[in-house]
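> compute the structure for the input listed below.
(2 chains)
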Amino acid sequence: MKGRHEDENLKWIPFLILLVFILPFILRGVTFSYRYYLFILNIAGIYIILTVGLDLLSGFTGLISLGHAAFLAIGAYTSAILVDQAGVPFGVSMLITPLITGLFGIVIGFPALRISGMYLALTTMGFGFIVRRLIIALRQWTEGASGLEVSAPQLFGFAFRNDWHNYFLIYFFVIVSVVLARRIVKSKLGRAFMAIRDSEQAAQAAGISLSRYKLVSFFISAVFAGFAGVLFAHTSKLITTDHFDLLLSIKFLIFALVGGIGSIYGVVLGTLTIVLLEYLFIPIFKDWLLTMLPIEAGDIQALIFGLIMFLFIIFQPTGLYGMWLKMRIYWKLFPFNPKKRFT
Amino acid sequence: MKLKTGLVTLLAVGLFLGCARREPTPGVTDTEILIGNIQDLSGPMKELGLILPHGSNLYFNYINEKGGVHGRKIRMLVEDHQYNPQKTVAAAKKLIEQDRIFCFYQVIGTSPCEALRPTLEEYEIPLVAPATQSGTMSDRSRKAWKYIFHTDTGYDKQANILVDYALEENPDAKIGVIYQDDDYGANVLKGIAEAEERHGIVIQKEGYQRGATDFAGQVMNLLKGSATHVIIGGVVKEPIITMKTAAAMNYSPQFLGISPTMDHRVALAAGPAGEGFIAANFAALWNSDVEGAKLYRELFDKSGTDPKLRGMYDFYGFITAVVLVEGLERAGKRLTRERLIEGLESIKDWDAMGVFPPFSYGRNDRSAAESVFLVQVQEGKQAPITDWIE
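Numbering: from 1, shown residues only, chains lettered A, B, ... in the order given. Just a heads-up that it's a prediction; the model follows:
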């Protein structure tokens, strides 16, 4: 089994996991506003679960999706309805809801068997609009556009009432998701996905059933998104259709692109970076930035984001993770680097 | 021994930190009250994001110059939420945890305000005068209702009033409505449904997506349905485009607008197509003769800001500031969040310098105004055509 992990340095993983669970205590120790930071980290955590799933679909199978906010919405609303209106326990909903979302994934996966690229992006985008309309139309259960109140998560008699509790709940599942996604990528399934991404004809010639694996990829991706939706609904405690707009779907792709699409650790890094930038650093340093730049307050974020996207796509298409890998190799070989290779 | 000393030191430090963390009321010092406002500075409603806080600050500065409320000056922080509910919550937590504000004031948008409910409840922090007329804001069946003090007449009530008005004007009127397909529209439709039931009529409903700039389809459908009165549930650009589109089609029903359309720029920008447009107003006009409007114009001229900002929305920021200050005054010198709630609850039949219809809050009442008056565009100018009607 050893040969499987040759490419990665596993000894850091336990430390990383430990750090994840110690972090809130450190934050509480050093700052009074730790609950604000935890809230931001919780958002990032939920999005990580989703983008990891999106990466399996877009990064590994090569199928682009602009409908992932809709999967998140389906997960969120399904769980809210199951728990609060049908009386299903939260723990059970956590198992059922992702599967239901996965079924929607298969439904939207069918058109993907025939179309690809831009057309698939448009189809999934249309799916997003349909889901939004559907949520508004199913007023009876979803309260339409005015927002649905959701109960707090409850597991084994313990209620997760605030951001502190939610952090541990969310990050436990973040770790589970990342490990699971890594296992999928390293398995036969993952290899089939990558084969399809690299060349559909070659994959087919090698005996891989395109339709089956594409549907499985959509299913798995939607399951991750549905799971993220469950956590989203019950930790936000109030969901509206405005939470799940098209912009969010685009953002998920940006997370993946900036982090390094096609690498699990990469999208984790990308999601963390962008969410922290968007929710924490820009709001905090806004006033300081405004003194330096002659623009309106509202334009700062658009400016910074635009710049990041632009620079990454031109100079660093492999994302943050690609940057990290290059740096690692550079230092490993130091000082015997072949010139001009690492620029 | 060393261990003991260490433990004692740790305990002392812990106690010190523990004590330091507990301050009497966040955001209130002997000289200042810090309040938090969350606006849309870069999203779909960013044209309002700058105007509303400007109007509020006009009044706050006026009060501060007079010595403040019980000796405390009011300072307002403004955050950006881009009309995104999740960002609203993030901004709210920043304001509460990092800036340590006393209360929220004037968060714009229905879904952002709705998304704030769990946070309001968790921190037991009031939100005064949310910048939305959605009737859901004062709905007591929803979470955290206790902390939200709504000032304006709800969209649902306004829709009811407009339908009544149209039928009074012409008992055979065929009414149509153009609504935004979101929480705002949902509240308008709620009122429309009530009116349909009361009058036993059917109202033609045409929806549009928020941010839409083309209304030809909706106007065409209304023309086909031969609606004589069209209620527009839009903001600023929607009524303008709708009326211009209708004019281009030679279709001229009586247009009526829900309160967000009441800005005088609607009349200006629509030109001849906007002639005769009637809008529901939940507060007196900024250029009227009531005391509050006079004070507003005086302060605005003194501030030396670009006159383009002057108008209904700037005035709206101004008058809600009057409500907040009244609440703070009534809360007394020993200001806490609980006392602010009690102070606001004690408001009875008060008209905020003639600006609002006489309004009241109460222990179980969070909606202040129940009525509107109608304003018609006549020769490019807004003229009131009714008194307060319920």
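> hey, where'd the strands end up in the chain?
Defaulting to chain A. Counting by DSSP state E, one finds strands in chain A at the ranges A:148-149, A:154-155, A:158-159, A:238-239.
> right idea, wrong chain: chain B
B:32-39, B:73-80, B:103-105, B:127-128, B:148-149, B:175-180, B:204-208, B:229-233, B:254-257, B:278-281, B:373-378, B:381-384.
> nearest to chain A, out of the ones you listed?
Closest approach to chain A among the strands of chain B is made by strand B:73-80 (5.8 Å; CB to the nearest CB). In short, each C-beta sits where N, CA and C put it, glycine included.
> contacts for the closest one, please.
When contacts are defined by CB atoms under 8 Å, 6 or more residues apart in numbering or on different chains, strand B:73-80 is touched by residues A:283, A:286, A:297-298, A:301, B:31-42, B:49, B:53, B:56-57, B:60, B:63-64, B:68, B:87, B:91, B:94-95, B:99, B:101, B:105, B:325, B:328.
> next one: stretch B:280-290
By CB under 8 Å, 6+ apart, stretch B:280-290 touches B:133, B:152-153, B:158, B:161-162, B:256-259, B:262, B:264, B:292-293, B:296-297, B:310-312, B:314-316, B:319, B:353-357, B:369, B:371-375, B:382, B:384.
> now the buried members of those.
B:133, B:152-153, B:158, B:161-162, B:256-259, B:262, B:264, B:292-293, B:296, B:310-312, B:314-316, B:319, B:353-357, B:369, B:371-375, B:382 (16 or more other CB atoms under 10 Å in any protein chain shown).
> hang on, the earlier thing: nearest to A:Ala202, of the strands of chain A?
strand A:238-239 (43.1 Å; CB to CB).
> what is the mean pLDDT for the closest one?
The average pLDDT for strand A:238-239 rounds to 91.
> circling back: highest mean neighbour count out of the strands of chain A?
strand A:238-239 (a mean of 26; mean count of other CB atoms under 10 Å in any protein chain shown).
> so for stretch A:28-44, what's the average pLDDT?
On average, stretch A:28-44 scores 89.
> repeat that for stretch A:281-298.
For stretch A:281-298, the per-residue pLDDT averages 74.
> how about stretch B:108-120?
pLDDT averaged over stretch B:108-120 gives 90.
> do it and chain A meet?
Yes. Legend: contact between stretch B:108-120 and chain A by CB under 8 Å from any CB of the partner chain is shown at B:110-112, B:114-115, B:117-118.
> closest one of those residues to A:Val268?
B:Ala115 (26.2 Å).
> for the residue nearest to that closest one when sequence neighbours are not counted, grab the count of nearby residues.
Once flanking residues are discounted, B:Ala115 sits nearest to B:Pro85: 3.4 Å by CB to CB, 6 or more residues apart in numbering or on different chains. Counted by other CB atoms under 10 Å in any protein chain shown, the residues lying close to B:Pro85 total 27.
> I figured B:Pro85 hits B:Pro112, correct?
Yes. B:Pro85 lies in contact with B:Pro112 (CB atoms under 8 Å); the separation is 5.3 Å.
> what do these two both touch?
Contacts common to B:Pro85 and B:Pro112, judged by CB under 8 Å, 6+ apart, are A:Asp242.
> around chain B, which positions in the stretch 51-200 of chain A sit nearby?
Residues of the stretch 51-200 of chain A lying near chain B (CB under 8 Å from any CB): A:133, A:136, A:139, A:144-147, A:149, A:162-163.
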